[in-house]
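> fold the following for me, if possible:
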Amino acid sequence: MTPRLAKMVVFSLLVIVVGVAGSQSQTTSPDSGKLLGTWRVVSAVYDDEPVKDIGKTEIWIKHITDVQFIWVRYSTDTKQVKLSQGGTYSVKGDSYIETPQYNLEHAGLDSMREKEQKFTWRVDGDRFYQNGRLSNGVKLEEVYERVRR
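Now for the predicted structure:
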């Protein structure tokens with residue numbers, strides 16, 4: 001087994017173990033069920049700079065279950081995961097807070113682990129809007145589209 005494959009297997013098992021352990025989220029908003037599902041980023045702006053070519057070289061996906069979230073960025077060519085992070089979340093009104101607990105090895109992601117990432121959210125039809133500021137100070141504006149079969 002190559003080191004890269006071993007790393008992916010360990011990461012996958014970690015995701016399963018954490019999910020089974022079931023760190024409960026606090027979804028107290030009556031509309032929080034609208035967040036559940038699989039979402040694909042269709043636009044993103046970081047520190048007022050739009051990200052160009054989303055979906056051309058990388059696909060950005062977020063899965064939100066009743067207890068966990070995980071997002072993944074992978075190459076459209078190689079299908080290899082480039083970045084990923086997940087953990088617990090809570091929702092109260094229009095407040096959506098992610099607390100990352102695991103991620104692929106990456107200095108920027110490592111620094112956010114176990115720190116609250118605070119956002120506002122809304123779902124309008126099949127669009128999920130997430131805005132806020134990461135714990136590292138980066139301003140984030142993301143728009144997702146619900147993934148259907």
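
> quick one: the helices in this structure?
3-21, 107-110 (DSSP state H).

> and the ones you listed, which one averages the lowest pLDDT?
The weakest mean pLDDT among the helices of the chain belongs to helix 3-21, with a mean of 48.

> who's in contact with stretch 130-142?
Outside stretch 130-142, the residues that touch it by C-beta atoms under 8 Å, 6 or more residues apart in numbering are 41, 43-48, 96, 108, 111-112, 115-121, 129, 143-144. All C-beta atoms are positioned from the backbone trio N, CA, C, and that covers glycine.

> which of the residues you listed fall in strands?
41, 43-46, 96, 117-121, 129, 143-144 (DSSP state E).

> buried subset of those as a PyMOL selection?
The buried residues among the ones in strands among the contacts of stretch 130-142 can be selected in PyMOL (16 or more other C-beta atoms under 10 Å) with this line:
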select buried, resi 41+44+96+117+119+121+143+144
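
> can you give me the buried ones in stretch 96-109?
The neighbour-count criterion (16+ other C-beta under 10 Å) identifies 96-104, 109 as the buried residues of stretch 96-109.

> so where's this structure shaky on pLDDT?
Segments of the chain classed as low confidence (criterion: pLDDT under 70) are 1-30.

> list the contacts of the nearest residue to K82 once chain neighbours are set aside.
What sits nearest to K82 in space, not counting adjacent residues and going by C-beta to C-beta, 6 or more residues apart in numbering, is R73, at 4.8 Å. Taking C-beta under 8 Å, 6+ apart, we find R73 in contact with 58-61, 81-84.

> now, of these, which are buried?
58-61, 84.

> what helices or strands is the longest strand that the chain contains leaning on?
Counting residues, the longest strand found in the chain (DSSP E) is strand 81-92. Applying 3 or more C-beta pairs under 8 Å, 6 or more residues apart in numbering; DSSP states H and E, we find strand 81-92 packed against helix 3-21, strand 26-27, strand 69-75, strand 95-103.
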